[in-house]
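In: structure for this input, please:
(2 chains)
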Number of protein chains: 2
Amino acid sequence: MDLPRLLPSDRLLRGTLLDFVADPFLVPEAEAVRYLVDGLLVIRDGHVLATAPYPDLADQLGHRPVLDYSGKLILPGLIDTHIHYPQTGMIGSYGEQLLEWLQRYTFPTELQFADRDYASRVANLFLDELLRHGTTTALVFAAVFPQSVEAFFEAAAARNLRMISGKVMMDRHAPAGLCDTAESSYQESRALIEKWHGRGRLLYAVTPRFAGTSSPAQLRMAARLLEEFPDVYLHTHLSENPQEVAWIQSLFPGHRGYLDVYDQAGLVGERSLFAHGIHLTEAEWQRLAQARAALCFCPTSNLFLGSGLFRLDQAKRRDRPVKLGLGTDIGAGTSFSLLQTGNEAYKVAQLQGQPLSPYQTLFLATLGGARALNLEETLGNFDPGKEADCIVLDPRATPLLALRQGDRLPTSLEDLADLVFSLLILGDDRAVFATHILGEPVNTQLSSQG
Amino acid sequence: MDLPRLLPSDRLLRGTLLDFVADPFLVPEAEAVRYLVDGLLVIRDGHVLATAPYPDLADQLGHRPVLDYSGKLILPGLIDTHIHYPQTGMIGSYGEQLLEWLQRYTFPTELQFADRDYASRVANLFLDELLRHGTTTALVFAAVFPQSVEAFFEAAAARNLRMISGKVMMDRHAPAGLCDTAESSYQESRALIEKWHGRGRLLYAVTPRFAGTSSPAQLRMAARLLEEFPDVYLHTHLSENPQEVAWIQSLFPGHRGYLDVYDQAGLVGERSLFAHGIHLTEAEWQRLAQARAALCFCPTSNLFLGSGLFRLDQAKRRDRPVKLGLGTDIGAGTSFSLLQTGNEAYKVAQLQGQPLSPYQTLFLATLGGARALNLEETLGNFDPGKEADCIVLDPRATPLLALRQGDRLPTSLEDLADLVFSLLILGDDRAVFATHILGEPVNTQLSSQG
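Out: Presented below is the predicted three-dimensional model:
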């Protein structure tokens, strides 16, 4: 590899660089994981210019400032493929499974997002929490009110974040104050797309809540938006809970199952992301794979609502792999941290006797999430040219993590796997030492940047 | 109630006092929970003298110093009924279920505890972690080496803690360097009991690891210790994993099941605590209830090892309730925090469609644990005369908790339940604002104690 010529304005980060170049569910980990124990990440104009062993560039550095994260891990920013920003303040609402939980907690909470100022306040707090937890890109449910989307996108634009969101479409089986109509949801979504999609780093997702709260006419309007704006996303829920699945089947008797409701409406494609997918049939797995649609695996939420255990073995079957990301699903999820989400992903796998390696988990939270969002050309690893959102994890952030690591400096793929696993199991926001957006630190515990 | 006359040396804590007077699994919560929104906890000579509404004692206070924890919850210290101190540094060891996990990680780790200095270092760190997480009493596995118990008890005595521990008895199916013999385990345990049991606040537990690593002769020796020292405990594992259960049945063919192995040896009584009990038969549930033996429910461990889902509905069946405590089961458990353990206890219940209320969870971690340990006359709530180990929880410890609570001051049983639930779901060591041992703060974030 040719070494780059550094410019004075380049942003330089030194540390253990770790990212993915392929899917460790499908190829051996040695082929999927890329790491540089003492690496330098060179960022120019917000994009990755190069990565190199630090010693190879040391004599070019002179007095250039290097952010020295030695002894820490530098990763691509984490990607949360399913989260509801209006539910930030209702995490840990007690005692119900999905359908009752929506009625009792979610709908009353979301009613508050008709208030633009309130929405702005929560959106700002939400994004600060994401960044504090090392999440730099997310696919985000707003509320039904267009102003809730405006508030979110403004807050994201102010931080220069790669964020995807959309107005909830919901025209039935919800309180009147939260319902739109097929027509108004179309018009409002269309206006938001025209205003926000592709503005800076922002992208739009057409967002019917789920088949239970959208009439067939509204689902057709959602499909019309996808036809008119072929590069927006479709973001909704699928097969989260057995009662929900049965209810959808009763609402849509002329369909071959839950996914088919979306499919007949024209909503299943390679830019479609479906949260959950816990109770899928083999035909549905095949259809998702064939359509190149993605699922969002949300373990803390699935456990919190007692929804069931996601089938990683099915999702990653080599003969028909389905694109897959991790999601916190705040507020049914119980942590903003994708590390803690990885902790519970492991437990979901263990309960089913399935392996889930630390690298596989980290892949889902980085390059896997980027692929689920069709953003792998844009971000998700440190390939030159990609947007340089990255985070720094401190493997000794708490007394217990420090004890767990001992004095060793991991240098092998296997040692690093153990380090990553300890961060997934014991880490949380405290382990996120720094977050950089397009190279710039927005959140760092470095006391001096010299 | 007569108000106490305060003495200058009394320790006074002001805050929202919350404890239990009965089991909320068996009686209505209004009868089980006791709370004082603005309460004063009066501690004299390390014991609870009284609790009272703060205003009732305000005019007696004069210039006496009051530790002002207003706006925070003051609870009895948390009780961890199952934890392995030698495994502190191996939390988050990847990829195995119980039997392989023991061979691959646990046994090599525990070999280090032949070194008394190393054992002391870990014991001190372990106890500091417990206190930081609000755990003031625990039933603790040491290692097979008597010096590992010495190290633990010395560290506990230096902190004046109510702690229970014992030497692992293990004479087969483990590496030679970790095995004792039936006879040596008897002699060593006996010497430790004579030296430590009842010394200060320390108590001893006869601790065969589990039936798989003790010969019938060793189990009989354990029973002999219980006969000779009728007020020590029995602490072991039971029915954690299906392969383990099958293995025990093959090792002990003349028995009616796993529990019966302990029972025929004479190890099932009202001072016996069995960790896990996930795969029990109805006859075993009945026997545990009838013997007044206790189980330790360890949800983070059960999920981490994929052991299975504990049956709370069976454990708390009203016609034959079994004494029950919560355990972290470090190092198979993934958090020292009994709050986070409560988070995952809720998820285990939800996956089975069972309710588990915030008060029920908190009961398990306080008075329920005390009952499981037959210590309810000594600690577990704020009854006058009890040892005054207590903790202070900050409901606004993190940005997310602060948002979740809003501006309300909980005043009703229902509001407080929601507050407790938010702490179980979102809280961790950061929510533990202070820990007091026999009234004295050992760990507090109060900046001035005036």
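
In: residue ranges with poor pLDDT in chain A?
Out: Filtered on pLDDT under 70, chain A yields the residue ranges A:1, A:447-450.

In: make it 50
Out: Applying pLDDT under 50 to chain A flags residues A:448-450.

In: tell me the contacts of the residue nearest the centre of chain A?
Out: Per CA atoms, centre = their mean, the C-alpha nearest to the average position across chain A is that of residue A:80, at 1.5 Å. By CB atoms under 8 Å, 6 or more residues apart in numbering or on different chains, the residues touching residue A:80 are A:130, A:135, A:137, A:138, A:139, A:325, A:326, A:327, A:328, A:338, A:369. Using the backbone N, CA and C atoms, a C-beta is placed for each residue, glycine as well.

In: tell me what the closest residue to it other than its chain neighbours is bridged to.
Out: Spatial nearest neighbour of residue A:80, excluding adjacent residues (CB to CB, 6 or more residues apart in numbering or on different chains): residue A:138 at 4.1 Å. Beta-bridge partners recorded for residue A:138 (DSSP bridges): residue A:80, residue A:163.

In: right, and residue A:138 touches residue A:78 too?
Out: No - counting by CB atoms under 8 Å, residue A:138 does not reach residue A:78; the two are 9.0 Å apart.

In: sec struct for residue A:207, please.
Out: For residue A:207, the assignment made with DSSP: H, G, I helix; E, B strand; the rest coil gives strand.

In: whoops, residue A:5 was the one
Out: What three-state DSSP gives for residue A:5 is coil.

In: roughly how far apart are it and chain B?
Out: According to CB to the nearest CB, to the nearest Å, residue A:5 and chain B sit 42 Å apart.

In: is any part of the lengthiest strand in chain A close to chain B?
Out: Counting by DSSP state E, the longest strand found in chain A is strand A:33-44. No - figure legend: strand A:33-44 not in contact with chain B (CB under 8 Å from any CB of the partner chain); closest approach 15.2 Å.

In: ok, and the closest non-adjacent residue to residue A:408?
Out: Residue A:408 sits nearest to residue A:415 (CB to CB, 6+ apart), 6.8 Å away.

In: quick check: next helix or strand after the helix or strand harbouring that neighbour?
Out: Element membership for residue A:415, per DSSP states H and E: helix A:413-426. Next in sequence after helix A:413-426, counting helices and strands by DSSP H and E, comes strand A:432-437.

In: so which elements touch the helix or strand that that following strand is followed by?
Out: Downstream of strand A:432-437, the first helix or strand assigned by DSSP H and E is strand A:440-444. Other elements packing on strand A:440-444 under the criterion 3 or more CB pairs under 8 Å, 6 or more residues apart in numbering or on different chains; DSSP states H and E are helix A:116-132, strand A:432-437.

In: which residues are contacting strand A:440-444?
Out: Here strand A:440-444 makes contact (CB under 8 Å, 6+ apart) with A:11, A:46, A:67, A:131-132, A:159, A:392, A:432-436, A:449.

In: so how far is it off the chain centroid?
Out: 20 Å (CA atoms, centre = their mean, to the nearest Å).

In: okay, now the sheet partners of that strand, with direction.
Out: With DSSP bridges as the test, strand A:440-444 is paired with strand A:432-437 (antiparallel).

In: just the CA trace of the strand it pairs with, in PDB.
Out: Only the C-alpha atoms of strand A:432-437 are listed here, as PDB (Å, rounded to 0.1, in the frame of the first residue of the first chain):
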ATOM      1  CA  VAL A 432     -17.400   4.900  25.000                       C
ATOM      2  CA  PHE A 433     -14.300   7.100  25.500                       C
ATOM      3  CA  ALA A 434     -14.900   9.200  22.500                       C
ATOM      4  CA  THR A 435     -17.300   9.700  19.500                       C
ATOM      5  CA  HIS A 436     -16.100  11.400  16.300                       C
ATOM      6  CA  ILE A 437     -18.500  12.600  13.600                       C
END
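
In: and that strand with strand A:33-44, angle?
Out: Angle, strand A:432-437 to strand A:33-44, by axes from the mean of the first three to the mean of the last three CA atoms, to 10 degrees: 50 degrees.

In: what's the distance between residue A:281 and residue A:238?
Out: For residue A:281, the distance to residue A:238 equals 12 Å [CB to CB, to the nearest Å].

In: that older thread, quick check, nearest of the contacts of strand A:440-444 to chain B?
Out: Lowest distance from chain B to these (CB to the nearest CB) belongs to residue A:132, with 7.8 Å.

In: which ones are touching that closest one?
Out: When contacts are counted by CB under 8 Å, 6+ apart, residue A:132 touches A:336, A:429, A:432, A:435, A:443, B:399.

In: recalculate using a threshold of 10 Å.
Out: The contact partners of residue A:132, taken as CB atoms under 10 Å, 6 or more residues apart in numbering or on different chains, are A:336, A:337, A:429, A:430, A:432, A:435, A:442, A:443, B:398, B:399, B:400.

In: how about the fourth one, what does it touch?
Out: The one in question is residue A:430. Neighbour list for residue A:430: A:132, A:133, A:337, A:339, A:394, A:397, A:398, A:401, A:445, B:428, B:429, B:430 [criterion: CB under 10 Å, 6+ apart].

In: my guess is residue A:414 contacts residue A:35. True?
Out: No - using CB atoms under 10 Å, residue A:414 is not in contact with residue A:35, being 11.5 Å away.

In: okay, these two: which has more neighbours?
Out: Applying other CB atoms under 10 Å in any protein chain shown to residue A:414 and residue A:35 shows that residue A:35 carries more neighbours, namely 17 against 10.

In: beta partners of the more buried one?
Out: Using DSSP bridges, the bridge partners assigned to residue A:35 are residue A:18.

In: report the separation between it and residue A:20.
Out: Residue A:35 is 10 Å from residue A:20, where distance means CB to CB.

In: good, wrapping up.
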